[in-house]
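Chemist: coords please:
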Amino acid sequence: MAPLSVEAILERKRDGAELGPDEIQWLVARVVDGGITRPQAAAFLAFTYLRGMTDAETVALTLAMRDSGEVLRWQVDGLIVDKHSTGGVGDKVSLVLAPLWAELGYRVPMISGRGLGHTGGTLDKLESIPGFRTDLPVARLHQVLAEVGCFMNGQTEQLAPADRVLYALRNETSTVSSVPLITASILSKKLAEGLDELSLDVKWGSGAFMKTLPAAQELAESLVRVGNGAGVRTRARLTDMNVPLGRAIGNAIEVEEAVACLKGEGPEDLADLSCQLIGRDAEEVARARAVLDRGGAYERWCRLVRAHGGDPQAPLLGGGCAERVVSAQHDGAVSRCDAYDLGRAAFVLGAGRRSAEQAVHPGVGLWVHVRPGDTVVRGQPLVTLLHAERGLDHALQLVGDGILVT
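Modeler: Residues are numbered from 1 along each chain as shown. Predicted coordinates:
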């Protein structure tokens, strides 16, 4: 076989040819080691965006990106499982899911990320717990997984380094919305965790990355086909993100709501989605719900927090925020409770960030007291804002846009 060259690979992709696994693996390796230029890598992304990829190409890209760094291997009993959400407002499912899955006998090596824009990040929520470390070294992760059954940590520099390079270039080249590139980005990081099974929560609606149900369906189907094609049993659920999940939007207050759920006292939609994402069939969903309803996973959560250096009994960080209540101006029914507007309101208060380097405020956020269809009377609280002065006027405007009583 002739030696591979970036020029030949780019020409083939430009002209719509299907690349082979060896070509894709070679190209991804050159992306990581600097063997190709940034313009050449950008051209590959652009041609992929325009020409698409077959499932075989996307599987090869996913595996090449996974294998660009360390692939974790675990010496523990039980199935190794994790979940991924495409991002939403008020989505604290991971905080419930990891200890609940572990309580059911699974092993959960959960590598999570930070929030950007109006959607929250699991690491930001966890770091509102005093002492909680999200940067445990790999050797410690092995210990925690063996002793607790789950961990929740940030991505190490060794996991899927090709994704970091290509993700940054996708932002610069307007190729973010390519389904094959999204699929490979998501799955390469998850497959680097050494999983047996992966459960996907693909969201659609105003507060989601995918705004329409057909777009979310296309992504979900791609993720399932490619995940299974790469050797990991993969399933997906489509969930509505036109309305926030649960009642809390923020960092510390989402931890508070997740803990309530683990005690059997949380909101119904959060408990239901957590169990649906765990269960492979109706019997397992029912078993998970029984554990959750009796508070059976709460002690596992406490063990998880302590294993990460945190104190599950300590007051959460960011306390002392001022409150502003937005009340109904007249009797009526709630016809709109928009996830995007409310997520943006929490963001401008300081719960989110515009760039990866920006700090978040752990204590600010929103408690949303109503749902579409609720009947309210004049003066009834609709939303309580927890704020530290920053962005309050803008947040109140966004709440006014997001909650409509007719």
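Chemist: And the strands in the stretch 1-150 of the chain?
Modeler: 81-85, 108-112, 150-154 (DSSP state E, counting those that start in this stretch).
Chemist: Which SSE is immediately downstream of the last one?
Modeler: Counting by DSSP states H and E, the element after strand 150-154 in chain order, helix or strand, is helix 161-173.
Chemist: What residues does residue 401 make contact with?
Modeler: Going by Cβ atoms under 8 Å, 6 or more residues apart in numbering, residue 401 touches 338, 341. For the C-beta atoms, the positions are set from N, CA and C on the backbone; glycine is no exception.
Chemist: Kindly recompute the last result at 6 Å.
Modeler: Neighbour list for residue 401: residue 341 [criterion: Cβ atoms under 6 Å, 6 or more residues apart in numbering].
Chemist: Quick check: pLDDT value at it.
Modeler: Reported pLDDT at residue 401 in the predicted model: 97.
Chemist: what helix or strand is it on?
Modeler: Here residue 401 is assigned to helix 392-402, by DSSP H and E.
Chemist: Can I get the strands of the stretch 1-150 of the chain in TSV including distance to residue 36 and mean neighbour count?
Modeler: Shown next, in TSV, are the strands of the stretch 1-150 of the chain (distance: least, Cβ to Cβ, whole Å; neighbours: other Cβ atoms under 10 Å):
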stretch	distance to residue 36	mean neighbour count
strand 81-85	29	25
strand 108-112	27	24
strand 150-154	28	23
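Chemist: Tell me which of the ones you listed lies nearest to residue 225.
Modeler: Nearest of the strands of the stretch 1-150 of the chain to residue 225, taken as Cβ to Cβ: strand 81-85 at 15.4 Å.
Chemist: Remind me what that closest one packs against, helices and strands.
Modeler: Using 3 or more Cβ pairs under 6 Å, 6 or more residues apart in numbering; DSSP states H and E as the contact test, the elements touching strand 81-85 are strand 197-204.
Chemist: let's go with 7 Å and repeat that
Modeler: Helices and strands touching strand 81-85, by 3 or more Cβ pairs under 7 Å, 6 or more residues apart in numbering; DSSP states H and E, are helix 93-103, strand 108-112, helix 179-191, strand 197-204.
Chemist: Tell me which of these sits nearest to residue 375.
Modeler: strand 197-204 (27.4 Å).
Chemist: residues in contact with that closest one?
Modeler: 79, 81-88, 93, 190, 210-213, 215-216, 219-220, 223, 227, 232-241, 277 (Cβ atoms under 7 Å, 6 or more residues apart in numbering).
Chemist: Stretch 38-58 too?
Modeler: Stretch 38-58 is contacted from outside by 6, 10, 13-14, 16, 18-19, 24, 27, 31, 61, 166, 169-170, 173, 175, 178, 180-181, 183-184, 225-226, 229, using Cβ under 7 Å, 6+ apart.
Chemist: from the chain's centre, how far out does it sit?
Modeler: Offset of stretch 38-58 from its chain centre (Cα atoms, centre = their mean, to the nearest Å): 24 Å.
Chemist: cool, stretch 169-176 as well?
Modeler: 20 Å.
Chemist: C-alpha coordinates for it, CSV please?
Modeler: Written as CSV, here are the backbone C-alpha positions of stretch 169-176 (Å, rounded to 0.1, in the frame of the first residue of the first chain):
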residue,chain,number,x,y,z
LEU,A,169,-11.3,23.9,15.5
ARG,A,170,-15.0,23.0,15.1
ASN,A,171,-15.9,26.2,17.0
GLU,A,172,-13.5,28.2,14.8
THR,A,173,-14.7,26.8,11.5
SER,A,174,-18.5,26.7,12.0
THR,A,175,-18.6,22.9,11.8
VAL,A,176,-20.0,22.2,15.3
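Chemist: Tell me the buried residues in it?
Modeler: Across stretch 169-176, burial judged by 16 or more other Cβ atoms under 10 Å covers 169, 170, 173, 175.
Chemist: so what pLDDT did the residue nearest to the second one when sequence neighbours are not counted get?
Modeler: In this structure, residue 170 finds its nearest non-sequential neighbour in residue 176, 4.8 Å apart by Cβ to Cβ, 6 or more residues apart in numbering. Confidence per residue is given as pLDDT, and for residue 176 that number is 87.
Chemist: same check, this time on residue 371
Modeler: 96.
Chemist: ok, it - how many residues close by?
Modeler: Residue 371 has 13 neighbours, counted by other Cβ atoms under 10 Å.
Chemist: Report the contact partners of it.
Modeler: By Cβ under 7 Å, 6+ apart, the contact set of residue 371 is 243, 334, 337.
Chemist: Find the helix or strand that it is a member of.
Modeler: Here residue 371 is assigned to no helix or strand, by DSSP H and E.
Chemist: From the helices and strands packed on strand 81-85, pick the one with the highest average neighbour count.
Modeler: Counting by mean count of other Cβ atoms under 10 Å, helix 93-103 has the highest mean neighbour count of the helices and strands packed on strand 81-85, with a mean of 26.
Chemist: now it, how far from the chain's geometric center?
Modeler: Averaging C-alpha positions (Cα atoms, centre = their mean) puts helix 93-103 14 Å from its chain's average.
Chemist: who touches it?
Modeler: Helix 93-103 has contacts (Cβ under 7 Å, 6+ apart) with 81, 83, 85, 108, 110, 112, 122, 125, 148-150, 152, 201, 255, 258, 261-262, 270, 273-274, 277-278, 288, 291-292, 296-297, 300-301, 304.
Chemist: please redo it, this time with the cut-off set to 8 Å
Modeler: Here helix 93-103 makes contact (Cβ under 8 Å, 6+ apart) with 81, 83, 85, 108, 110, 112, 122, 125-126, 148-152, 201, 245, 254-255, 258-259, 261-262, 266, 270-271, 273-275, 277-278, 288, 291-292, 296-298, 300-301, 304.
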